[in-house]
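Enquirer: just a sequence and a predicted model for now, questions to come.
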Amino acid sequence: MPLELAAEPVPLYWAEDHQVIRVLGTRVPIDCIVYLFNEEKKSAEEIAAVEYPSVGLEKVYAVIAWYLRHKAEVDAYIAEGERAAAELRREIEADPEYQARRADLLAWMKQRGQDES
């Protein structure tokens, strides 16, 4: 009996109104798998066994393979997400209410640190 060769679907989906690409059946974003693979130099086995056992080795390999075939597009998607996150952080930190709450928290932390000495 010959082995049937057929393309298998990529285990990724767009979530949250097409804002985030996640691994199918999980809430793990593709960014996390790519980061561990590229920046932390983790193997698929390490990612699946240690970092994201809920994803499974087969899906980790499939995600990495898909990423390598679409590297420029995925890297651009990740860069855009990082840019948007940095912009949101700047907006939040510029808010006077945030600044006041931050100052209160820092004062509380300083007081608590002095009390524990």
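Expert: Received, thanks. Numbering: from 1, shown residues only.
Enquirer: stretch 5-20: which residues count as buried?
Expert: Under the neighbour-count criterion of 16 or more other CB atoms under 10 Å, stretch 5-20 has 10-12 buried. Glycine gets a C-beta too; all of them are placed from N, C-alpha and C.
Enquirer: oops, could you answer that again for stretch 20-27 instead?
Expert: Under the neighbour-count criterion of 16+ other CB under 10 Å, stretch 20-27 has 21-23 buried.
Enquirer: distance from the chain centre to the longest helix seen in the chain, please.
Expert: Criterion DSSP state H: the longest helix present in the chain is helix 71-94. Offset of helix 71-94 from its chain centre (CA atoms, centre = their mean, to the nearest Å): 12 Å.
Enquirer: buried ones in the helix or strand that it is followed by?
Expert: Note on helix 71-94: by DSSP states H and E, the next helix or strand toward the C-terminus is helix 96-115. Of the residues in helix 96-115, none count as buried by neighbour count, 16+ other CB under 10 Å.
Enquirer: and helix 96-115, how far from the chain's centre?
Expert: With CA atoms, centre = their mean, you get 30 Å for helix 96-115.
Enquirer: which residues sit against it?
Expert: Here helix 96-115 makes contact (CB atoms under 8 Å, 6 or more residues apart in numbering) with 92-93.
Enquirer: what's the average pLDDT for that helix?
Expert: Average pLDDT, helix 96-115: 88.
Enquirer: relative to helix 71-94, how tilted is it?
Expert: 80 degrees (axes from the mean of the first three to the mean of the last three CA atoms, to 10 degrees).
Enquirer: now stretch 83-101 - C-alpha only, PDB.
Expert: C-alpha atoms of stretch 83-101 as PDB (Å, rounded to 0.1, in the frame of the first residue of the first chain):
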ATOM      1  CA  ARG A  83       6.000  48.900  17.200                       C
ATOM      2  CA  ALA A  84       2.300  49.100  18.200                       C
ATOM      3  CA  ALA A  85       3.100  47.800  21.700                       C
ATOM      4  CA  ALA A  86       5.800  50.500  22.100                       C
ATOM      5  CA  GLU A  87       3.400  53.200  20.900                       C
ATOM      6  CA  LEU A  88       0.700  52.000  23.400                       C
ATOM      7  CA  ARG A  89       3.200  52.000  26.200                       C
ATOM      8  CA  ARG A  90       4.300  55.600  25.400                       C
ATOM      9  CA  GLU A  91       0.600  56.700  25.400                       C
ATOM     10  CA  ILE A  92      -0.100  55.000  28.700                       C
ATOM     11  CA  GLU A  93       3.100  56.400  30.300                       C
ATOM     12  CA  ALA A  94       2.200  59.900  29.100                       C
ATOM     13  CA  ASP A  95      -1.200  59.900  30.800                       C
ATOM     14  CA  PRO A  96      -1.100  62.100  33.900                       C
ATOM     15  CA  GLU A  97      -3.300  59.700  35.800                       C
ATOM     16  CA  TYR A  98      -0.800  56.900  35.200                       C
ATOM     17  CA  GLN A  99       2.100  59.200  36.300                       C
ATOM     18  CA  ALA A 100       0.200  60.000  39.600                       C
ATOM     19  CA  ARG A 101      -0.500  56.400  40.300                       C
END
